[in-house]
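J.: okay, here's the prediction I keep looking at, along with the sequence it came from:
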Amino acid sequence: MKIKSLIRENEALVPVEVEINFTAGLPQIQFLGLPDQGIRESIHRIKSAIRAQGFEFPKAQQVLVNLRPNHLKKSSRGLELAVALGILWESEQLPKPQDVVMVYGELGLLGEVYEPEDLTTDFEPDGNVLVWTGQSQNSVAVFDRRVLSCLQDIREPQEVFGVPREYEVQRPEVDLHLQFPERQAKLLQVVALGEHSVLLAGPAGSGKSTIARTLSALLAAPSQDDMHTISKNNRGGGEAPLRWRPVVHPHHSTTALGLIGGGVPPFKGEITRAHKGMMILDELLEFNVRAQEALREPMEEAVIRIRRSRYVEEYPAESLMIATTNLCPCGDWVPKSKVVCGRSLKKCQSYMERLSGPLVDRFHITFFTQKREEGGSVSGAEILARLEECRMFRARLGVKDSRFRKLASRWTYEELVADLPVFYMKELFPKEISSRRRELATLRVARTLADLDQSEKPQPHHVETALKMTFHPVEALKRLGC
């Protein structure tokens, strides 16, 4: 007899075929197909549960259980219910089901059946498969299933209908009451609306961490699909379910393996936990060089591809990257500022050499913070209100133009230049822009600036303003040896 169940492959549940056959021999269960120690231990629970519930274990017969595909190492919390029911169906102690069934549950020694915690969070079965599982007090699944409290309930299982998945979404209000200088307020609007990666450089106490922290509350509300993905990527550790986009804040001692993932078998890194949210790299220059460089590809492609031994995995990594740093050991220096400190020029230059040019090029925006900012101030709540108006404007444009259904930071070069006359590229862009990546970042930020003005197409002043955020600060860093 063949039935279906589930095994764990890395961090996911995948279907497995359970084939059961009886042969003459000692009354025991023999697993085939690379089972792990946990599955082997289930032999005793299966035999005890069958007998405790008044059924008979086959006499003078060996139960062979083949788990296909055969080449995968098997690990599972719920195969034991599948094997127990398979034995009862094959021995004709119970009528065999007419439909294709998937069975997944844990057994107690007295025949109690429990639903594994990972079923309703990690798996969504095909609509044609009938799922048999155990009782659970907290389980809410999106699919219909038949629930057993014990093996005897197989004759009259409880029908439990699936319910639509719904995650609670709650915007954090952290720092929305704060007042921001006009220059910082503009930055917050641009980064939050277009979700542009940004490098914040400047003296200690100039607001870098506050800007990064406030951005989380200004991002667009996640959809239910986004929340489902976020929930899957941030499960574990006994933490409360997230109600908003994740904010991952790795310490600067985190290795490249910890940031992007890897190992055998591969596991997710911090950047995948930040998928659909934010990653804040505080004190970027204190991170190991290898850790910094490992972020270059995922920042650009928004995915992590890992090959380890026979494992090939692809993890999502679409996160808003925020990095903060000081530019010299004393922490007070920024371009065009005069700072007197006791550090030698050689020591300052060696500190700056930790900042990788190719990594800086991946950040759309480079912003120099200052301890004293001139001009008026804008509250975080006022910034959010304006952003919501701009998002409604983009939603209206998205009805007739599919480009506006995605963030400006995800537009391609071809999509961006479609709205720009040819002379813009010739007259507005400095001839010093040798990097196509800088050009693309400028166009994307200009698109966001146009959205802030609720303009359908970018204008020359949008491009000029974008250059002050994407090109001129990077050139200032290069002149200092970056």
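T.: Okay, I see it. Numbering: from 1, shown residues only.

J.: tell me which stretches of the stretch 251-400 of the chain form strands.
T.: Using DSSP state E, counting those that start in this stretch, the strands found in the stretch 251-400 of the chain span residues 261-262, 267-268, 278-281, 303-308, 311-316, 320-325, 365-368, 377-379.

J.: out of these, the one nearest Asn234 is which?
T.: strand 267-268 (9.6 Å; C-beta to C-beta). All C-beta atoms are positioned from the backbone trio N, CA, C, and that covers glycine.

J.: which outside residues touch that closest one?
T.: Residues outside strand 267-268 that contact it (C-beta atoms under 8 Å, 6 or more residues apart in numbering) are 10-11, 233, 261, 315.

J.: stretch 136-151 now?
T.: 49-50, 53, 55, 81, 84-85, 88, 105, 107, 110-115, 117, 119-120, 124-125, 127, 130-135, 153-154, 157-165.

J.: redo that, cut-off 7 Å
T.: With contact meaning C-beta atoms under 7 Å, 6 or more residues apart in numbering, stretch 136-151 is reached by 49, 53, 55, 84, 111-115, 120, 124-125, 130-135, 154, 157-165.

J.: also stretch 89-103?
T.: Contacts of stretch 89-103 (C-beta under 7 Å, 6+ apart): 1, 3-5, 20, 22, 55-56, 58, 81-82, 85, 88, 125, 128-132, 154.

J.: can you check stretch 450-458 too?
T.: 189-190, 193, 390, 393-394, 397, 408, 419-420, 446-447, 459, 462.

J.: which two in the residues you listed are spaced the farthest apart?
T.: So, the contacts of stretch 450-458 by C-beta to C-beta: farthest apart are Gln189 and Leu420, at 21.8 Å.

J.: who has more neighbours, those two?
T.: Neighbour count, other C-beta atoms under 10 Å: between Gln189 and Leu420, Gln189 has more, with 22 against 18.

J.: just for the protein, where's the confidence low?
T.: The chain contains residues with pLDDT under 70 at 121-122, 127-128, 137-139, 236-239, 331-346, 348-349, 434, 480-482.

J.: where is the longest helix in it?
T.: As assigned by DSSP state H, the longest helix anywhere in the chain is helix 380-400.

J.: out of the contacts of stretch 89-103, which end up buried?
T.: By neighbour count, with 16 or more other C-beta atoms under 10 Å, the contacts of stretch 89-103 hold 3-5, 20, 22, 55, 58, 81-82, 85, 88, 125, 130-132, 154 as buried.

J.: what's the farthest-apart pair in those?
T.: Farthest-apart pair in these is Pro58 and Pro125; separation 29.4 Å (C-beta to C-beta).

J.: just the closest of the contacts of stretch 450-458 to Met469, please.
T.: Scanning the contacts of stretch 450-458 for proximity to Met469, where the rule is C-beta to C-beta, the winner is Val190, at 7.1 Å.

J.: can you tell me the SS state at the closest residue to Leu218 other than its chain neighbours?
T.: In space, and not counting its chain neighbours, Leu218 is closest to Ala192: 3.7 Å by C-beta to C-beta, 6 or more residues apart in numbering. Under DSSP: H, G, I helix; E, B strand; the rest coil, Ala192 falls in the helix class.

J.: helices along the stretch 201-350 of the chain, start to end?
T.: 208-218, 224-233, 256-260, 270-273, 289-294, 296-301, 345-352 (DSSP state H, counting those that start in this stretch).

J.: Lys74 is nearest to which of these?
T.: It's helix 224-233; of these, that one is closest to Lys74 (C-beta to C-beta) at 21.8 Å.

J.: please point out which parts of the closest one sit buried.
T.: In helix 224-233, counting by 16+ other C-beta under 10 Å, buried: 226-230, 233.

J.: can I get the contacts of strand 267-268 in CSV with distance to Leu285?
T.: Below are the contacts of strand 267-268 laid out as CSV (distance: C-beta to C-beta, whole Å):
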residue, distance to Leu285
Asn10, 34
Glu11, 32
Asn233, 28
Gly261, 23
Tyr315, 26
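
J.: hmm, which of these are the buried ones?
T.: 11, 233, 261, 315.

J.: of the residues you listed, just say which sits nearest to Pro222.
T.: Asn233 (12.3 Å).

J.: the closest one and Ala274 touch, don't they?
T.: No - using C-beta atoms under 7 Å, Asn233 makes no contact with Ala274, being 8.4 Å away.

J.: please type out the PyMOL selection for whichever of the contacts of stretch 136-151 turn out to be buried.
T.: Buried members of the contacts of stretch 136-151, defined by 16+ other C-beta under 10 Å, are picked up in PyMOL with:
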select buried, resi 49+53+55+84+111+112+113+114+115+120+125+130+131+132+133+134+135+154+160
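
J.: so of the contacts of stretch 136-151, which ones are in helices?
T.: 49, 84, 120.

J.: so which residue is dead centre in the chain?
T.: For the chain, the residue sitting closest to the mean C-alpha position, by C-alpha atoms, centre = their mean, is His275 at 2.9 Å.

J.: quick check: closest non-adjacent residue to that one.
T.: His275's closest residue in space is Pro316 (C-beta to C-beta, 6+ apart), at 4.5 Å.

J.: and that neighbour, what are its bridge partners?
T.: Val303 (DSSP bridges).

J.: again with Glu19
T.: Beta-bridge partners for Glu19, by DSSP bridges, are Lys2, Asn66.

J.: need the contact list for it.
T.: Per C-beta under 7 Å, 6+ apart, neighbours of Glu19: 2, 66, 68.

J.: separation between it and Arg45?
T.: Glu19 sits 20 Å away from Arg45, going by C-beta to C-beta, to the nearest Å.

J.: and the host helix or strand of Gln30, what does it pack onto?
T.: Element membership for Gln30, per DSSP states H and E: strand 29-32. Contacts defined by 3 or more C-beta pairs under 7 Å, 6 or more residues apart in numbering; DSSP states H and E place strand 29-32 against helix 37-52, strand 61-68.

J.: contacts only, for Phe31.
T.: 39-40, 65, 67.

J.: pull the number of nearby residues for Gly33.
T.: Gly33 has 20 nearby residues by other C-beta under 10 Å.

J.: quick one: Gly262 and Arg305 touch, right?
T.: No - in this structure Gly262 lies outside contact range of Arg305 using C-beta under 7 Å: 11.0 Å.

J.: looking at the two, which one has more neighbours?
T.: The residue with more neighbours, out of Gly262 and Arg305, is Gly262; 21 against 13, by other C-beta under 10 Å.

J.: circling back to that earlier point, buried sites along the strand holding Gln30?
T.: Buried residues in strand 29-32 (16+ other C-beta under 10 Å): 29, 31.

J.: what lines up beside that strand in the sheet?
T.: Strand 29-32 has these strand partners (DSSP bridges): strand 61-68 (parallel).

J.: quick check, distance from the partner strand to the centre of its chain.
T.: Centre-to-centre, strand 61-68 and its host chain are 39 Å apart (C-alpha atoms, centre = their mean, to the nearest Å).
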